[in-house]
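K.L.:
Give me a 3D structure for the following:
(one chain, ligands or ions: 1)
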Amino acid sequence: MKQINEYCGIFGIYNGRDAAHKIYFGLHALQHRGQESCGIVTSTFDENRQKQVMPVHKGRGLVLDVFKDPDLFVSKLLGTKGIGHNRYSTSGASDNQSNFQPFVVAYRNGNLAIAHNGNISNARELRKAFSERGTIFQSTSDTELILHLIAQSRRRKQIDQIMDALTQLEGAFSLVMLTDDALIAVRDPNGFRPLALGRFENTSSTGEPSYCVASETCAFDMIGATYVRDVEAGEVLIIDDQGCRSGDFNSFHLPRNFGVSQCVFEYVYFSRPDSQIFGAMVDKVRRKIGKQLAHDAPVPSTRKHDRKPIVISVPDSSNTAALGYVSECRKLGQDCKYEIGLIRNHYVGRTFIAPGQNSREQKVRSKFNTVSGVLKDRLVVIVDDSIVRGTTAQALVRMVRAAGAREVHFRVASPMVISPCFYGMDFPDPKELVANRFDQDPQKIGAWLGVDSLEYLSHEGLLAAVRASSSTDGFCSACFSGIYPVPVELGVTKDENDW
Ligand code: SF4
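P.N.:
Here you go, the predicted structure:
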């Protein structure tokens, strides 16, 4: 699956020496969640101005490029706490520099910075109300609305202002906020997006505990932090000099009106397999998904004297599911062999960055190549995590056939994508989804792809695999089912949400 845009990666740190450096490494580990722009803001005391300040550095591109000047870490981004953001826009024009996060403002209660992963579904109404009051915006991002809600709250204490703002939001939002005193981590009441709390050894003289929060735990590994727990759905977690305020007594919770609905697509594709999200390692869930696929759509049978079928994954996101698929197929008595038949060029940007369809197809070809010695004369089963528009899958099938495969079968480790996401994923228009273009008929889709057979994981199979692996429950699978866990305004597109 290569045509759903990811959203963002967020990272925050409290009480860490060289905080900006740690955020840099954390963002680097989260680079897969957004490559358009990135930024870091820290909080430090400015001796000259005798006040607390929040220096920020943001730019277009990858973390390694935006932060290539080492001086940034010794002369500008000072302090022991800060937040960072990798961006792929789901709201707000992507080329508008004023949309790069984190956002930083100074208002009557001090400095405040915010980084957001998700999509505020009532952004249009909020924006309209602010505009009618004459509020001037600096960006077209829905994240700025949160800052205005906080700044315009009538409450006096900052945490009350923040709670006041958060209770007016609908949709998907995992947030890290930085105040002059605290790091605040928030997960929306449905828990659409992951957010985890970590802890690391404090090397400062104070000896106070040091904490970090990240979209995925792979960012903790990068800085030697250990996973503590997930930020709960609806939890507002405050980390300051009193420690990490968690648990029923001290933490703040947002009301849950619709139950928990964690994004199942995080397991299918978005998150890294070395991360733990929603109570399970992504690797474990993906293997289980692959095993379930073997039950729903096994390798085709072959004639007695044929060589055994080979199963290849579309690297890298399908590797783990393909491994699970092969081991279960074998267990079920369908002999097959896992092979590396597609090689990915890691130095090409993610497919979806290419503007326009032609360019995307071209990028597929420059991103993947075939290993003809592996594929020639073989019955090949391609396992991919999902199919969205289908252009990547179609190009790959052509390439595998051109490499000499005798038969090409396609197995998809998720159900058909039939509906858009309103909770932070940038899906194509429903009319562009290959499932909808061909009446949700696998045979018609398969004919268009040019495969000998096409089969998908069932919706029940996906949920069974996820539930069997995760210690949490409550998942959103609306893009596969069309059943939305939180009411949405159908027909409103991403572009209409931009301004
Ligand atoms: S609609 Fe799909 S991508 Fe969006 S939150 Fe639900 S499962 Fe995730």
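
K.L.:
Could you pull out the buried residues of stretch 340-347?
P.N.:
Burial within stretch 340-347, assessed by neighbour count using 16 or more other C-beta atoms under 10 Å, is assigned to 341-342. C-betas here are computed from N, CA, C, even on glycine.

K.L.:
Can I get it as PDB, trimmed to CA atoms?
P.N.:
These are the backbone C-alpha positions of stretch 340-347, laid out as PDB (Å, rounded to 0.1, in the frame of the first residue of the first chain):
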ATOM      1  CA  ILE A 340      13.000 -11.700  -1.600                       C
ATOM      2  CA  GLY A 341      11.800 -10.900  -5.100                       C
ATOM      3  CA  LEU A 342      11.400  -7.100  -4.900                       C
ATOM      4  CA  ILE A 343      14.200  -4.800  -3.800                       C
ATOM      5  CA  ARG A 344      13.400  -1.400  -2.500                       C
ATOM      6  CA  ASN A 345      15.600   1.600  -3.100                       C
ATOM      7  CA  HIS A 346      15.600   3.400   0.200                       C
ATOM      8  CA  TYR A 347      17.000   6.500  -1.300                       C
END
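
K.L.:
helix, strand or coil for the residue of the stretch 301-450 of the chain at minimum distance from the ligand?
P.N.:
Nearest to the ligand, among the residues of the stretch 301-450 of the chain, is Cys421, at 3.0 Å (C-beta to the nearest ligand atom). Put simply, Cys421 is coil when judged by DSSP: H, G, I helix; E, B strand; the rest coil.

K.L.:
And for Ser139?
P.N.:
Under three-state DSSP, Ser139 comes out as coil.

K.L.:
From Ser481, how far off is it?
P.N.:
From Ser139 over to Ser481 the distance is 34 Å, taken as C-beta to C-beta, to the nearest Å.

K.L.:
Looking at those two, which has the bigger crowd around it?
P.N.:
Set side by side, Ser139 and Ser481 show more neighbours around Ser139, with 19 against 15, by other C-beta atoms under 10 Å.

K.L.:
one step back: correct me, but the residue of the stretch 301-450 of the chain closest to the ligand touches Cys479?
P.N.:
Yes: between Cys421 and Cys479 a contact is recorded at 5.2 Å, counting by C-beta atoms under 8 Å.

K.L.:
Next, show the common contact partners of these two.
P.N.:
Residues touching both Cys421 and Cys479 (C-beta atoms under 8 Å, 6 or more residues apart in numbering): 265, 427.

K.L.:
who has more neighbours, these two?
P.N.:
Cys479 (28 against 23).

K.L.:
Asp18: neighbour count?
P.N.:
19.

K.L.:
OK, contacts around the residue nearest to it when sequence neighbours are not counted?
P.N.:
Spatially, and ignoring its direct neighbours in sequence, Asp18 is nearest to Phe73 (6.9 Å; C-beta to C-beta, 6 or more residues apart in numbering). By C-beta under 8 Å, 6+ apart, the contact set of Phe73 is 18, 20-21, 24, 67.

K.L.:
go again using 10 Å as the cut-off
P.N.:
18-21, 23-24, 40, 42, 57, 67 (C-beta atoms under 10 Å, 6 or more residues apart in numbering).

K.L.:
pLDDT weak spots in this protein?
P.N.:
For the chain, residues meeting the criterion pLDDT under 70 lie at 1-6, 89-95, 203-206, 246-251, 348-361, 489-499.

K.L.:
Those residues of it touching the ligand, which are they?
P.N.:
Residues of the chain lying near the ligand by C-beta under 6 Å from any ligand atom: 192, 263-265, 421, 423, 425, 476-479.

K.L.:
What about those, which are in helices?
P.N.:
Those of the residues of the chain next to the ligand mapping onto helices are 265, 478-479, per DSSP state H.

K.L.:
most remote residue from this structure's center?
P.N.:
Ranking residues of the chain by C-alpha distance from their mean position (C-alpha atoms, centre = their mean) puts His305 at the top, at 45.2 Å.

K.L.:
Can I take it that it is in a helix?
P.N.:
No: under three-state DSSP, His305 falls outside any helix and is assigned coil.

K.L.:
Could you measure from it over to Gly243?
P.N.:
Separation of His305 from Gly243 (C-beta to C-beta) stands at 69 Å.

K.L.:
And Gly333, by the same measure?
P.N.:
For Gly333 relative to Gly243 (C-beta to C-beta), the value is 56 Å.

K.L.:
With adjacent residues omitted, what lies nearest to Thr44?
P.N.:
Nearest residue to Thr44 in three dimensions, chain neighbours excluded: Gly79, at 3.3 Å (C-beta to C-beta, 6+ apart).

K.L.:
What separation do you get for that neighbour and the ligand?
P.N.:
According to C-beta to the nearest ligand atom, to the nearest Å, Gly79 and the ligand sit 34 Å apart.

K.L.:
My read is that that residue contacts Pro55, right?
P.N.:
Yes: counting by C-beta atoms under 10 Å, Gly79 does reach Pro55; the two are 8.0 Å apart.

K.L.:
what is in contact with those two at once?
P.N.:
20, 41-44.

K.L.:
Does anything pack onto the lengthiest helix in the chain? Which helices or strands?
P.N.:
Determined from DSSP H, the single longest helix within the chain is helix 282-296. With contacts taken as 3 or more C-beta pairs under 10 Å, 6 or more residues apart in numbering; DSSP states H and E, helix 282-296 sits against strand 276-277, strand 280-281, strand 310-313, helix 319-331, strand 379-384, strand 407-412, strand 453-456, helix 459-469.

K.L.:
same thing but at 8 Å, please
P.N.:
With contacts defined as 3 or more C-beta pairs under 8 Å, 6 or more residues apart in numbering; DSSP states H and E, the packing partners of helix 282-296 are helix 319-331, helix 459-469.
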